[in-house]
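K.L.:
mind folding the following:
(chains A, B, C and D)
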2 protein chains.
Amino acid sequence: MNTNRKKNLDSNDAKEIAVTAVTQDAYSAKPAPRVVPTPSVRRLPLYLRLLRDYVAQGRETISCTRLAADLRFDPTQVRKDLALTGVVGRPKVGYPVAELIAAIEDFLGWRNPVNAVLVGVGSLGTALLGYNFSLHGVNIVGAFDAAPEKVGQVVHGREIMPIGYLTHFIQHRHIPMGILAVPAQAAQSVAEMMVAGGVRAIWNFTSAALQLPLDVLVERADFSASLAVLTRALAHGLAPTPPKIP
Amino acid sequence: MNTNRKKNLDSNDAKEIAVTAVTQDAYSAKPAPRVVPTPSVRRLPLYLRLLRDYVAQGRETISCTRLAADLRFDPTQVRKDLALTGVVGRPKVGYPVAELIAAIEDFLGWRNPVNAVLVGVGSLGTALLGYNFSLHGVNIVGAFDAAPEKVGQVVHGREIMPIGYLTHFIQHRHIPMGILAVPAQAAQSVAEMMVAGGVRAIWNFTSAALQLPLDVLVERADFSASLAVLTRALAHGLAPTPPKIP
DNA sequence: CTCCAATGGAGAATTTATTCTCGATATATG
DNA sequence: CATATATCGAGAATAAATTCTCCATTGGAG
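P.N.:
From the prediction side, this is the model:
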């Protein structure tokens, strides 16, 4: 009964297709739709990965039929997802690969990485520090840990700072994102420090359910959800193999 | 149009509530529903985590109202999710905590862990080997890597074996699950080896879109999906802060 | 013992996501 | 130049997930 937040802006989204640049470029961008399905956002990186492969193979255009076949998706779903980026395809040809890549990166904010801090330099935290997420929209610019013996160590080029500095560091450098890789018991209090510093989003690798202000976006990344899907399927005679007899 | 696999058995699921053991236990199990929403399965571990906290606090029963408040979920959603386990609650009291825990673990198959092999002992693979997933339904019983210098090393108590042994190992020990933590370029070929060995599910930490038989369940665990949600939100003025004005 | 308030259960209603259908368009072919 | 066909775009139809509504039950208060 409460979630009427988009009711007031979903009435004017169907009447402004292809008004811009009808003539010259043919691959013209449409205004991006205002409301975006989260599952589509999650799928976009998959397209991106594949599109880069196509570039490596020298392709300049790609049809959604082909994309769908490679991903085992429904072609219509691919079209709807790609429509989010505003790139338009051409009949009989497909979408321009290079433009699509750029548009997806733009859409996801992956051309302008945001800064982030990571807290909890255990085995997972260390692994995360080892990745370079700058092509995925995130730069980890600080690492923190509660264990005094870890403070001062340098892991993957970053010196570990004490938790006591966390809030001030975030505040002072205007860090918008925190990565939580601490033990579950510590999660809530560390998350609160992050929020106190002004973080607007948290990537939560712990199994804790965080209690935070509603305007802080928490993305759950702990392993138990996907494990649940896998083990449940294996225990109960596996996913019933969608028959698909069209 | 094709997915009519449940149509023929959804007619007889509403008329047999609380027929078993009406008198003595009161917390009687109902027959589990046949079709299960995946989002619900993903949420079950969250309940489990919270329920264990409640046990630690000495609670014996818990209302879905309270659970929902702690998780910021809708109470009805909590009820529907818990109904999957077959545990029934009592008005004015709530659900029996201990029974719920057991029922969720059973439902997810977490009381009888399945064996799994892990391939790719890089930083992420090493971190995964360090976790003990046996309370989450999985025992990693073998680790493999392509790099000759890693083979023979012992990581978190497991000796790394050469990739060449992978298929035979899976086949011989009837391993139902593979964990993919290799570089994306190697993902497809390693996945095929796993499938050749007889694996029925793959936990895929790579960014590759695997092309495998449809009866092999692939659960995507790579980081790009959740990063996409986070960075897109941060780039475009964040999740519109659900106003919640009831 | 009777009434009240909290609660779970079931199904309906709504919202969200996916898939289907159709028409338009651009390229290739003859 | 005319025609056939692969493809996209949009909207409709379907399916899935979430939320709402109502009712029955239970324990506690008076």
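K.L.:
does chain B sit close to the strand with the most length in chain A?
P.N.:
Looking across chain A with DSSP state E, the single longest strand is strand A:138-145. Yes. Counting by C-beta under 8 Å from any C-beta of the partner chain, chain B has neighbours in strand A:138-145: residue A:138. In short, each C-beta sits where N, CA and C put it, glycine included.
K.L.:
quick check: residue A:227 vs residue B:142, distance?
P.N.:
For residue A:227, the distance to residue B:142 (C-beta to C-beta, to the nearest Å) stands at 18 Å.
K.L.:
my bad, residue A:222
P.N.:
Applying C-beta to C-beta to residue A:222 and residue B:142 gives a distance of 24 Å.
K.L.:
and residue A:150, by the same measure?
P.N.:
Counting by C-beta to C-beta - residue A:150 and residue B:142 are separated by 31 Å.
K.L.:
and stretch A:131-140, how far out from the chain middle?
P.N.:
11 Å (C-alpha atoms, centre = their mean, to the nearest Å).
K.L.:
contacts for it?
P.N.:
For stretch A:131-140, the external contacting residues (C-beta atoms under 8 Å, 6 or more residues apart in numbering or on different chains) are A:45, A:108-110, A:112-118, A:128-129, A:158, A:177, A:179, B:123, B:223-224, B:227-228, B:230-231, B:235.
K.L.:
and residue A:191, that's in a helix?
P.N.:
Yes. Applying DSSP: H, G, I helix; E, B strand; the rest coil, one finds residue A:191 inside a helix.
K.L.:
now name the helix or strand holding the closest residue to it other than its chain neighbours.
P.N.:
Residue nearest to residue A:191 in three dimensions, not counting chain neighbours: residue A:210, with 4.9 Å by C-beta to C-beta, 6 or more residues apart in numbering or on different chains. In this assignment (DSSP states H and E), residue A:210 forms part of neither any helix nor any strand.
K.L.:
tell me how far the most centrally placed residue in chain A lies from residue B:216.
P.N.:
For chain A, residue A:42 is the residue whose C-alpha lies nearest the centre (C-alpha atoms, centre = their mean; 6.3 Å). Distance, residue A:42 to residue B:216, by C-beta to C-beta: 21 Å.
K.L.:
can you pull the pLDDT of residue A:238?
P.N.:
What the model reports as pLDDT for residue A:238 is 70.
K.L.:
helix/strand/coil for it?
P.N.:
coil.
K.L.:
sorry, back to before: residue A:227 and residue B:142: who's more crowded?
P.N.:
residue A:227 (23 against 20; other C-beta atoms under 10 Å in any protein chain shown).
K.L.:
element containing the more buried one, please.
P.N.:
In this structure, residue A:227 sits in helix A:224-235 according to DSSP H and E.
K.L.:
quick one, helices of chain A?
P.N.:
A:38-56, A:64-71, A:75-83, A:97-108, A:123-130, A:166-173, A:184-197, A:224-235 (DSSP state H).
K.L.:
other SSEs contacting the last one?
P.N.:
Taking 3 or more C-beta pairs under 8 Å, 6 or more residues apart in numbering or on different chains; DSSP states H and E as contact, the helices and strands that helix A:224-235 lies on are helix B:38-56, helix B:97-108, strand B:114-119, strand B:138-145, strand B:201-204, strand B:217-220.
K.L.:
how about CSV for these, with distance to residue A:79 added?
P.N.:
Shown next, in CSV, are the helices and strands packed on helix A:224-235 (distance: least, C-beta to C-beta, whole Å):
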stretch, distance to residue A:79
helix B:38-56, 24
helix B:97-108, 36
strand B:114-119, 35
strand B:138-145, 37
strand B:201-204, 25
strand B:217-220, 21
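K.L.:
what's the burial count for residue A:165?
P.N.:
Neighbour tally, residue A:165, other C-beta under 10 Å: 15.
K.L.:
for the closest residue to it other than its chain neighbours, grab the count of nearby residues.
P.N.:
For residue A:165, ignoring the flanking residues on the chain, the nearest one in space by C-beta to C-beta, 6+ apart is residue A:144 at 7.0 Å. Around residue A:144 there are 27 other residues, counting by other C-beta under 10 Å.
K.L.:
check the gap between residue A:144 and residue A:160 for me.
P.N.:
7 Å.
K.L.:
same thing with residue A:207?
P.N.:
Plainly put, residue A:207 is 23 Å away from residue A:160 if you go by C-beta to C-beta.
K.L.:
kindly report the same for residue A:58.
P.N.:
Counting by C-beta to C-beta, the gap from residue A:58 to residue A:160 is 44 Å.
K.L.:
these two - which one has more neighbours?
P.N.:
residue A:160 (22 against 7).
K.L.:
so what pLDDT did the more buried one get?
P.N.:
With respect to pLDDT, residue A:160 has a value of 98.
K.L.:
correct me if wrong: it contacts residue A:142.
P.N.:
No. With contact defined as C-beta atoms under 8 Å, residue A:160 does not count as touching residue A:142 (9.1 Å).
K.L.:
where does pLDDT dip in chain A?
P.N.:
Under the criterion pLDDT under 70, the flagged ranges of chain A are A:1-32, A:239-246.
K.L.:
go again with 80.
P.N.:
For chain A, applying pLDDT under 80 flags the ranges A:1-34, A:237-246.
K.L.:
ok and the residue in it nearest DNA strand C?
P.N.:
Per C-beta to the nearest atom of the strand, residue A:91 is where chain A lies closest to DNA strand C, at 2.9 Å.
K.L.:
domain parsing of chain A, as residue ranges.
P.N.:
Listed by automatic domain parsing, the domain ranges of chain A are A:15-108, A:114-227.
K.L.:
nearest to residue B:71, out of those domains?
P.N.:
Residue B:71 sits nearest to domain A:114-227 of all those, at 5.1 Å, using C-beta to C-beta.
K.L.:
ends of that closest one, how far apart?
P.N.:
29 Å (C-alpha to C-alpha, to the nearest Å).
K.L.:
next: stretch A:63-82.
P.N.:
First residue to last in stretch A:63-82 (C-alpha to C-alpha) measures 11 Å.
K.L.:
and it, how far out from the chain's middle?
P.N.:
Centre to centre, stretch against its chain (C-alpha atoms, centre = their mean), the figure for stretch A:63-82 is 20 Å.
K.L.:
mind listing what's buried along that stretch?
P.N.:
A:63-64, A:66-68, A:70-71, A:73, A:78-79, A:81-82 (16 or more other C-beta atoms under 10 Å in any protein chain shown).
K.L.:
need those in a markdown table (columns: distance to residue B:54).
P.N.:
What follows is the buried residues of stretch A:63-82, written out as a markdown table (distance: C-beta to C-beta, whole Å):
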| residue | distance to residue B:54 |
| --- | --- |
| A:63 | 53 |
| A:64 | 48 |
| A:66 | 51 |
| A:67 | 47 |
| A:68 | 45 |
| A:70 | 46 |
| A:71 | 42 |
| A:73 | 41 |
| A:78 | 44 |
| A:79 | 47 |
| A:81 | 40 |
| A:82 | 45 |
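K.L.:
between the residues you listed, which sits nearest residue B:173?
P.N.:
Using C-beta to C-beta, the buried residues of stretch A:63-82 come closest to residue B:173 at residue A:71, 31.7 Å.
K.L.:
from residue A:143, how far off is residue A:130?
P.N.:
Residue A:130 is 11 Å from residue A:143, by C-beta to C-beta.
K.L.:
look at those two and report which has more neighbours.
P.N.:
Just comparing residue A:130 and residue A:143: by other C-beta under 10 Å the higher neighbour count belongs to residue A:143, 27 against 14.
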